[in-house]
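A.B. asks: just coords:
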C-alpha cells in the first residue's frame with residue numbers, strides 16, 4: 001500500500017467472506033484512509049457512491065463479464081467502469097502477462 005503514495009485504493013468483491021477477510025487483514029490501511037472495501041454483486045452494477053470522486057485506474061481480476069464469454073454483460077460492465085473513471089482513465093484486466101488494457105470508448 002505504501003506504493004500508492006497519498007492515493008486511495010477501493011477494493012471491490014462480490015463475496016462477503018472476501019470483504020471480511022480483507023477488512024481483517026488490512027485494518028491499518030483502512031484506518032489510515034488509504035483503502036476502502038465495497039461489496040458489489042457484479043461489475044456491471046458498480047456505481048460511484050454519492051460524492052465519491054472518479055478513479056484514475058481500474059484493475060479487474062477474474063471478472064466474468066470482462067473475459068469475453070458474456071458480451072452483453074461485458075458491454076454493461078465496461079460502461080459502468082468507464083462512468084467511474086476520470087476522462088482518459090484506464091481499465092487493466094488481469095489473467096495474463098502483461099495485463100491487458102481494455103478500451104472503454
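C.D. replies: In hand now; what should we look at? Just so you know, these numbers come straight off a predicted model, no measurement behind them.
A.B. asks: low-confidence ranges in the protein?
C.D. replies: 1-4, 105 (pLDDT under 70).
A.B. asks: ok now the top helix by length along it, how far from the chain's centre?
C.D. replies: When the chain is parsed with DSSP state H, its longest helix is helix 71-83. How far helix 71-83 lies from its chain's middle: 13 Å, per Cα atoms, centre = their mean, to the nearest Å.
A.B. asks: can you pull out the strands in the protein?
C.D. replies: Under the criterion DSSP state E, strands of the chain are mapped to 9-13, 35-39, 55-60, 85-93, 100-102.
A.B. asks: what comes up buried for the first one?
C.D. replies: In terms of neighbour count (16 or more other Cβ atoms under 10 Å), strand 9-13 has its buried residues at 11, 12, 13. Where you see a C-beta, it was placed from the backbone N, CA and C, and this is true even at glycine.
A.B. asks: can you redo those as CSV with distance to residue 99?
C.D. replies: Output for these, formatted as CSV (distance: Cβ to Cβ, whole Å):
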residue, distance to residue 99
11, 17
12, 17
13, 19
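A.B. asks: residue 45: which of those residues is nearest?
C.D. replies: Residue 45 lies nearest to residue 12 out of these, by Cβ to Cβ, at 10.4 Å.
A.B. asks: what is the distance between stretch 20-35 and the centre of its chain?
C.D. replies: 16 Å.
A.B. asks: ok, now stretch 8-19?
C.D. replies: Distance, centroid of stretch 8-19 to centroid of chain: 9 Å (Cα atoms, centre = their mean).
A.B. asks: for the nearest residue to residue 67 once chain neighbours are set aside, which residues are in contact?
C.D. replies: In space, residue 67 comes closest to residue 95 once its chain neighbours are excluded; the distance is 7.3 Å by Cβ to Cβ, 6 or more residues apart in numbering. Counting by Cβ atoms under 8 Å, 6 or more residues apart in numbering, residue 95 makes contact with 61, 62, 67.
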